[in-house]
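Visitor: Dropping the sequence and predicted coords here.
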2 protein chains.
Amino acid sequence: MSVTIKKIAKDLQLAVSTVSKALSDSHEISAETKARVFEYAARLDYIPNPYASSLKKGKSKNIAVILPEVADSFFSAAINGIEAVAQEKGYHTMVYLTHEDIKREQSIVRECRNGRVDGVLISVVAGDSLHEHLRDLYTNEVPLVFFDRVCEPIETARVVTDDHHSGYIATKHLIEQGCRKIAFLTMPGDLAITHHRQQGYEQALRENGIEIRVLYGTDREEENLAMIREVLQSADRPDGIIGSIEKLALQVYTTCHAIAVNIPRDVKVIAFSHLQIAALLNPPLTTITQPAYEMGKTAATLLFRALEKKQDVKHEHIIIPSVLVARASTEVL
Amino acid sequence: MSVTIKKIAKDLQLAVSTVSKALSDSHEISAETKARVFEYAARLDYIPNPYASSLKKGKSKNIAVILPEVADSFFSAAINGIEAVAQEKGYHTMVYLTHEDIKREQSIVRECRNGRVDGVLISVVAGDSLHEHLRDLYTNEVPLVFFDRVCEPIETARVVTDDHHSGYIATKHLIEQGCRKIAFLTMPGDLAITHHRQQGYEQALRENGIEIRVLYGTDREEENLAMIREVLQSADRPDGIIGSIEKLALQVYTTCHAIAVNIPRDVKVIAFSHLQIAALLNPPLTTITQPAYEMGKTAATLLFRALEKKQDVKHEHIIIPSVLVARASTEVL
């Protein structure tokens, strides 16, 4: 049986309007009556329609986290950081996945307007310069915080890592380990983080008079494996590869296993990665580890400052450094 | 500026009530007028308040996916299967994480009542026998489909894999590879899937006159590593270990690397896992691979049959078999 305000009114011998006002915490109703109504409503497990009450209160107690994917270990760690904060604040976290599709991102962001969620944390899709949907959110006064992947033209709070510097130290590490033909394996498109990593890579190479060589992957694993195989079997095989994306670095591993190219003897590999089991791979993978959990936690903390304290956090740009963890894949044999 | 029905009415020189009826696709309004109104509303990027229209239509076009975590590769693959179906149907998927906490599961499920979502796919938290919150959902006529982890007392649609048989074939495989001291590494609690796997393990051992040895892990990684180390350094070290949970099997790997116990020479390891990079581990890990993507896709398909065609799917119990993939971690040297 559906429990309604009518039933509460009848059982407590109150007017329906009194119950309704009590439940919306009206000043017209005495504290004593409110207490009776709330207690009874709770006992009956009466749940006010969230849509109806959201319309009035403008509080959904939900935040949205919009991500490209969860198969990536970076994002699953970031979610844990976000939820640690949201849970403490009594909010639910709803995770939406864009699968790198700008149409889905637009549609999801559209969903987030008009009260369904109180705030949005987003890591934008790669390779797209459309951003009107994000500006809309912004002008509709839904607090918005970027983490990891930002949309540069939108001026709002952001939590990122130092991608340029990370690209630089990854490349310096390979040079120090003796590499002189270093390829940068990345995805095409205009995603800021991979651009910044690539700029750091190019800077380190220029400083050392080494030729720049950028290889582009695709969304299709088969194509990538074929491309990597061709590169590794060619006469001018690189002696070092930087995977700007975890997935691409693992495809280098798969190819090396398949064609018996030895890591690190024939080619050294370093990856931007948050893979927890990097140390269990054959060989253990040297990583530039992003502070995923910390980035999620910091982004959520900024969002709640905007939500709860109505603080203007728009101009806060927080950079949390990544860490190079050297393992056997870049060892000098 | 907020675009309202009033503005549409004014600009198109129609009555407000006409615009309102047109937008709700009323039969009182001509097709021509509806077309004009929709076209203009779309041009203005007018979005009907989702709460207000949900109240009327009872359709949120959202489904909820409730999971223990996403760090697990099984669940991230399952999400992809679910989204493949949801996207085709024009629904948004909202992912909620319980982190194995029954209080969070209860609170999230409560959120899912009363119109916020049209249906729920859930893989329940481990180790708890409370299930009134699921029954509530059910009696509130929100379609509910279990996948992978089911709550046995709730009679509704479910998509699972053959955990008993998988536990049996995993154990048989180790026996065939020469193991005679086989430990089953699992978590305590009353999660049906690990129970079923354990029952299959015990059946295979009984059939072969081998002693049963069950080891229990905890949520704390440090404790598990210490426990596994003690077991591997003891006089009666097992010669085979079955990880009923991916994370535990990887902790066996970490320990073996740390104390130089050789897999597969000293101990053979097999894991229930959906890890895509199992083949890249040192050594490549033999897995019982669950059909995660297929399970997600099938569960979502059942849910949409209930949602769109109002079919009664409550009694559908679908079992999709898992597959043993033998790799070096169980090789005979």
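Guide: Structure's in. What do you need? These numbers were taken from a predicted model, which means no experiment stands behind them.
Visitor: Spell out which parts of the stretch 51-200 of chain A neighbour chain B.
Guide: Contact residues, the stretch 51-200 of chain A versus chain B (CB under 8 Å from any CB of the partner chain): A:51-52, A:54-55, A:62, A:69-71, A:73, A:75-77, A:79-80, A:83, A:87, A:92-97, A:99, A:104, A:107-108, A:110-111, A:113-116, A:136. (C-beta placed from N, C-alpha, C; glycine too.)
Visitor: List buried residues within those residues.
Guide: Buried members of those, counted by 16 or more other CB atoms under 10 Å in any protein chain shown: A:51, A:54, A:62, A:69-71, A:73, A:75-77, A:79-80, A:83, A:87, A:92-97, A:99, A:104, A:107-108, A:110-111, A:113-116, A:136.
Visitor: In strands, which of these appear?
Guide: The strands, defined by DSSP state E, take in A:Asn62, A:His92, A:Thr93, A:Met94, A:Val95, A:Tyr96, A:Leu97 from these.
Visitor: Let me see the contact set for the fourth one.
Guide: By that I understand A:Met94. Residues counted as contacts of A:Met94 (CB atoms under 8 Å, 6 or more residues apart in numbering or on different chains) are A:Asn62, A:Ile63, A:Ala64, A:Val65, A:Val117, B:Met94, B:Val95, B:Tyr96.
Visitor: got a pLDDT number for it?
Guide: On pLDDT, A:Met94 comes in at 92.
Visitor: Distance to A:Leu280 for the contacts of A:Met94 - can I get that in TSV?
Guide: Listed next are the contacts of A:Met94 as TSV, based on distance: CB to CB, whole Å:
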residue	distance to A:Leu280
A:Asn62	37
A:Ile63	34
A:Ala64	34
A:Val65	28
A:Val117	38
B:Met94	33
B:Val95	27
B:Tyr96	30
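Visitor: nearest to A:Leu174, of those residues?
Guide: Of all these, the one sitting nearest A:Leu174 is A:Val65; the distance, using CB to CB, is 34.2 Å.
Visitor: Now do the phi/psi pair for the closest one.
Guide: phi -120, psi 120 (degrees, to the nearest 10).
Visitor: Just list whatever residues bridge to it.
Guide: A:Val65 forms beta bridges with A:Val95, A:Leu121, as assigned by DSSP bridges.
Visitor: Pull the residues that contact the helix or strand hosting A:Gly200.
Guide: In this structure, A:Gly200 is located in helix A:192-207 according to DSSP states H and E. Residues outside helix A:192-207 that contact it (CB under 8 Å, 6+ apart) are A:126, A:148-150, A:152, A:160, A:163-172, A:175, A:182, A:184, A:186-187, A:211-212, A:214, A:242, A:244-245, A:272.
Visitor: Helices along the stretch 201-333 of chain A, start to end?
Guide: Ranges of helices in the stretch 201-333 of chain A, per DSSP state H, counting those that start in this stretch, are A:221-233, A:246-259, A:292-308.
Visitor: and the helix holding A:Gly200, which residues are buried?
Guide: For helix A:192-207, a neighbour-count test (16+ other CB under 10 Å) marks A:192-198, A:200-205 as buried.
Visitor: Please name the residues that touch the most centrally placed residue in chain A.
Guide: Nearest to the geometric centre of chain A sits A:Ser123, at 4.5 Å (CA atoms, centre = their mean). Applying CB under 8 Å, 6+ apart to A:Ser123 gives the contacts A:Ile66, A:Leu67, A:Pro68, A:Phe75, A:Ala78, A:Phe146, A:Phe147, A:Asp148, A:Arg149.
Visitor: A:Ala299 versus the last one, what's the distance?
Guide: This points to A:Arg149. Distance from A:Arg149 to A:Ala299, counting by CB to CB, to the nearest Å: 12 Å.
Visitor: Out of the two, name the residue with the larger neighbour count.
Guide: Using other CB atoms under 10 Å in any protein chain shown as the criterion, A:Arg149 and A:Ala299 rank with A:Ala299 on top: 28 against 18.
Visitor: so the more buried one makes contact with A:Phe147?
Guide: Yes - between A:Ala299 and A:Phe147 a contact is recorded at 3.9 Å, counting by CB atoms under 8 Å.
Visitor: picking that back up, so how do I select the buried members of the contacts of helix A:192-207 in PyMOL?
Guide: Here is the PyMOL selection string for the buried members of these, based on 16+ other CB under 10 Å:
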select buried, chain A and resi 126+148+149+150+160+163+164+165+166+167+168+169+170+171+172+175+182+184+186+187+242+244+245+272
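Visitor: if we can go back for a sec, would you reformat the ones in strands among the buried ones among the residues of the stretch 51-200 of chain A next to chain B as CSV and include distance to B:Lys314?
Guide: Output for those, formatted as CSV (distance: CB to CB, whole Å):
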residue, distance to B:Lys314
A:Asn62, 29
A:His92, 27
A:Thr93, 30
A:Met94, 27
A:Val95, 28
A:Tyr96, 29
A:Leu97, 29
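Visitor: rewinding a little: from the contacts of A:Ser123, which two are the most distant?
Guide: Greatest spatial distance in these: A:Phe75 and A:Phe146, 13.9 Å, computed using CB to CB.
Visitor: Looks like A:Phe304 contacts A:Val85 (just checking).
Guide: Yes - between A:Phe304 and A:Val85 there is a contact under CB under 8 Å: 6.4 Å.
Visitor: domain assignment for chain A?
Guide: Here the domain parsing of chain A from automatic domain parsing is A:5-48, A:62-161+A:292-321, A:163-289+A:324-330.
Visitor: Can you measure across the longest one, start residue to end residue?
Guide: Between the start and the finish of domain A:163-289+A:324-330 there is a gap of 20 Å, counting by CA to CA, to the nearest Å.
Visitor: Could you do the second one as well?
Guide: Counting by CA to CA, you get 29 Å between the two ends of domain A:62-161+A:292-321.
Visitor: Just give me the neighbour total for A:Gln13.
Guide: For A:Gln13, the neighbour count with other CB under 10 Å is 6.
Visitor: Give me the phi and psi for it.
Guide: According to degrees, to the nearest 10, A:Gln13 has phi 50, psi 50.
Visitor: wait, what's in contact with it?
Guide: Per CB under 8 Å, 6+ apart, neighbours of A:Gln13: none.
Visitor: Could you check how far it is from A:Gly240?
Guide: According to CB to CB, A:Gln13 and A:Gly240 sit 81 Å apart.
Visitor: for A:Thr156, same thing?
Guide: Counting by CB to CB, the separation of A:Thr156 from A:Gly240 is 37 Å.
Visitor: do the same with A:Glu141
Guide: In terms of CB to CB, A:Glu141 sits 48 Å off from A:Gly240.
Visitor: Which of these two has more residues huddled nearby?
Guide: A:Gly240 (24 against 8).
Visitor: How about the contacts made by that one?
Guide: By CB under 8 Å, 6+ apart, A:Gly240 lies in contact with A:Leu174, A:Gln177, A:Cys179, A:Lys181, A:Ile182, A:Ala183, A:Val267, A:Lys268, A:Val269, A:Ile270, A:Thr330.
Visitor: Could you check which helix or strand contains the first one?
Guide: A:Leu174 belongs to helix A:163-176 when elements are defined using DSSP H and E.
Visitor: Go ahead and measure how far that helix is from the middle of the chain.
Guide: 23 Å (CA atoms, centre = their mean, to the nearest Å).
Visitor: Thanks again, I'm all set now.
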